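>>> 3D model of this:
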Amino acid sequence: MEFQAYPEAGRHRKEQHIFLKVQNVLHSTDSVALPCSLLAVGSFLVMYQHMTDEDTSRHSIRNFLAKVLVSMVPLAFLERRILQCSDPVGLFAKFSAKVLLMHAFFLGLRLACVVLPDVQVGYACCNALAFVGACVMLPLVFGLRISVGSLYEHRDVCILALCTLLLALLEVSLLGRFAFSDEWARSRFIEDVILTG
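As a prediction, the model looks like this:
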């Protein structure tokens, strides 16, 4: 018979053991359980909102959750790719410049609103600060130079930025109900396109 000074410690140890097993399954080197479980929870939330919420407008919670779910799918594929890669740091180095370039494109798009009257997308000073930071980091850290060769090398980012802007324009045009007779509706349309993009 074993003497236990703290009889509750055995129960806590057992709970910790179960927790560690779950953590090992989620973070093992060949497991995609975490991204798949997040996608499943996101899908459930979209279905739940679709069945319970009567709001079907463009700005409903259901549409917001659906957009988040769609943006999570590439991240799940990326997680799988990272787990299969022998050099994950090298893989991050491969696409980190492209990610920062994409952020610079959309921060530049948000800053273009400064010249348009009555159009506000976020805080202009924060957007400007982040845009300047991205423009400084791209050449200093990633060695990106403004040239035809660099544009050709990052053509996938340029095409993706253009496609997302065109899709946002299409979505807002088809699903938004704007009457372009007044100035307010035009500025609201531009804000909506930029925010959706």
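
>>> from now on I want contacts and neighbour counts done on CA atoms only, so please keep to that.
Will do.

>>> so residue 86: helix, strand or coil?
Three-state assignment for residue 86 (DSSP: H, G, I helix; E, B strand; the rest coil): coil.

>>> now the helix or strand containing residue 75: buried residues?
Secondary structure assignment for residue 75, by DSSP states H and E: helix 61-84. Residues of helix 61-84 classed as buried: 61-63, 65-66, 69, 72, 76, 79-80, 82-83 (neighbour count, 16 or more other C-alpha atoms under 10 Å).

>>> what residues sit buried inside the following helix or strand past it?
Using DSSP H and E, the next helix or strand after helix 61-84 towards the C-terminus is helix 88-111. Residues 97-98, 100-111 are the ones in helix 88-111 that count as buried (16+ other C-alpha under 10 Å).

>>> show me what helix 88-111 packs onto, helices and strands only.
Helix 88-111 sits against helix 124-142, helix 155-175, with contacts defined as 3 or more C-alpha pairs under 8 Å, 6 or more residues apart in numbering; DSSP states H and E.

>>> that helix versus helix 155-175: what angle between them?
Taking axes from the mean of the first three to the mean of the last three C-alpha atoms, to 10 degrees, helix 88-111 and helix 155-175 form an angle of 50 degrees between their directions.

>>> re the thing from before, for the helix holding residue 75, what is the average pLDDT?
Averaging pLDDT along helix 61-84 yields 79.

>>> roughly how far is that helix from the heart of the chain?
Here helix 61-84 is found 8 Å from its chain centre; the criterion is C-alpha atoms, centre = their mean, to the nearest Å.

>>> contacts only, for the spatially most central residue of the chain.
Centroid check for the chain by C-alpha atoms, centre = their mean gives residue 71 as the closest residue, at 5.7 Å. Not one residue lies near residue 71 by C-alpha atoms under 8 Å, 6 or more residues apart in numbering.

>>> closest to residue 134 out of the buried residues of helix 61-84?
Nearest to residue 134, judged by C-alpha to C-alpha, of these is residue 72 at 23.8 Å.

>>> show the contacting residues for that closest one.
Applying C-alpha under 8 Å, 6+ apart, we find residue 72 in contact with residue 39.

>>> and it, how close does it get to residue 65?
10 Å (C-alpha to C-alpha, to the nearest Å).

>>> swap in residue 194?
Residue 194 is 19 Å from residue 65, where distance means C-alpha to C-alpha.

>>> do the same with residue 150
For residue 150, the distance to residue 65 (C-alpha to C-alpha) stands at 36 Å.

>>> residue ranges with poor pLDDT in this structure?
1-16, 19, 22-31, 56-59, 117, 175-186 (pLDDT under 70).

>>> domain ranges for it?
7-84, 95-197 (automatic domain parsing).

>>> need the distance between the two termini of the last one.
Taking C-alpha to C-alpha, domain 95-197 runs 21 Å from one end to the other.

>>> buried residues, stretch 46-54. List them.
So stretch 46-54, judged by 16+ other C-alpha under 10 Å, has buried residues 46, 49-50.

>>> these in helices, which ones?
Among these, the residues falling in helices (DSSP state H) are 46, 49-50.
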